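Asker: A predicted structure for the sequence below; I have some questions about it.
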Amino acid sequence: MQLAPAAAKPSLRRMEAQDRRKFRRVSWAVRVRGLTGDGEEFTCTTVDVCAGGLRINLARPLAQGENLVLYIDDIGRVEGVVTRVLNEIGYAVAFNVPPRKRDKIADQLTWLINKDRLGLIDEREAERRTAGGQVIAIYNKTSVACAVVDVSIFGVALRTPAPRPMIGDRVQIGERAGTCVRYIEGGFAVDFRTLHGTDIG
């Protein structure tokens, strides 16, 4: 595997502070292939991820400030820098990407993390996206087929020709449960944070 080396990175302290302030980490294990700053290839699995970076366990030493090139399954090539050495095998890595690519990573992660938990059907396997697909929502003791309008870490917006739940009603979608918090045109929105124990991660 031939991987191009990463370019110079901005301040580690600033990158990590931005990561903690703007992005919420979620537990998600995915395979990563990478290239260290000295050109050594490695393979590892993530511990958790967010749009700003990830944490990995790797049975080889990495130094704080070391530049990495990462190939993340379902995400693609991302340059990063080791911001913290957590323990003998644990490392925090911040992405060094433009804001537009960071937004795309956030959308991709949202879809990937939620699709299995919500039972979403990816309509185009080659093009993962945050909107589209079908789910079965259960409310008022009835199973209702719904189209996904959009999905986030915290909730999902659905469209259905069937009667909508009342605001405040409990809605079950796959393994997740939340509350109907508002109506949209032809559908409704569900917030997963409103029920105890339903938050991701």
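Answerer: Cool, got the structure. Bear in mind that the values here come from a model prediction, so they are computed numbers and not experimental data. Numbering: from 1, shown residues only.

Asker: And the helices in the chain?
Answerer: 12-22, 99-118 (DSSP state H).

Asker: What's the mean pLDDT across the shortest one?
Answerer: Within the predicted structure, the mean pLDDT of helix 12-22 is 48.

Asker: Please apply the same query to stretch 159-179.
Answerer: On average, stretch 159-179 scores 90.

Asker: which one is residue 49 nearest to, not counting chain neighbours?
Answerer: In this structure, residue 49 finds its nearest non-sequential neighbour in residue 28, 5.1 Å apart by CB to CB, 6 or more residues apart in numbering. In this view, the C-beta of every residue, glycine as well, is placed from N, C-alpha and C.

Asker: What count of nearby residues applies to the one you found?
Answerer: By other CB atoms under 10 Å, 17 other residues sit near residue 28.

Asker: That one against residue 111, yeah?
Answerer: No. Residue 28 sits out of contact with residue 111 when judged by CB atoms under 8 Å, with a separation of 11.9 Å.

Asker: Now residue 59. Its backbone dihedrals?
Answerer: phi -80, psi 50 (degrees, to the nearest 10).

Asker: Does it touch residue 90 like I think?
Answerer: No. At 10.6 Å, residue 59 and residue 90 do not qualify as touching, with contact defined as CB under 8 Å.

Asker: Name the residue in these two with the higher neighbour count.
Answerer: Applying other CB under 10 Å to residue 59 and residue 90 shows that residue 90 carries more neighbours, namely 14 against 8.

Asker: So in terms of bridging, what pairs with the more buried one?
Answerer: Beta bridges link residue 90 to residue 57, judged by DSSP bridges.

Asker: roughly how far apart are residue 158 and residue 72?
Answerer: 29 Å (CB to CB, to the nearest Å).

Asker: do residue 39 as well
Answerer: For residue 39, the distance to residue 72 - CB to CB - is 19 Å.

Asker: Tell me where the protein has strands.
Answerer: 26-27, 31-35, 41-50, 53-57, 67-72, 76-85, 90-95, 134-139, 142-151, 155-159, 170-173, 176-184, 187-191 (DSSP state E).

Asker: Ranked by average pLDDT, which of those falls at the bottom?
Answerer: strand 26-27 (a mean of 79).

Asker: what helices or strands is that strand leaning on?
Answerer: strand 41-50 (3 or more CB pairs under 8 Å, 6 or more residues apart in numbering; DSSP states H and E).

Asker: Would you mark the buried spots in the strand it packs on?
Answerer: Using 16 or more other CB atoms under 10 Å as the burial criterion, the residues of strand 41-50 that qualify are 42, 44, 46, 47, 48, 49, 50.

Asker: partner strands of that strand, parallel or antiparallel?
Answerer: strand 26-27 (antiparallel), strand 31-35 (antiparallel), strand 53-57 (antiparallel).

Asker: Most tightly packed of those strands?
Answerer: strand 53-57 (a mean of 22; mean count of other CB atoms under 10 Å).

Asker: got the CA coordinates for that strand in CSV?
Answerer: Only the C-alpha atoms of strand 53-57 are listed here, as CSV (Å, rounded to 0.1, in the frame of the first residue of the first chain):
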residue,chain,number,x,y,z
GLY,A,53,-11.0,13.1,14.9
LEU,A,54,-10.9,9.6,16.4
ARG,A,55,-9.4,7.5,19.1
ILE,A,56,-7.5,4.3,18.2
ASN,A,57,-5.8,1.4,19.9
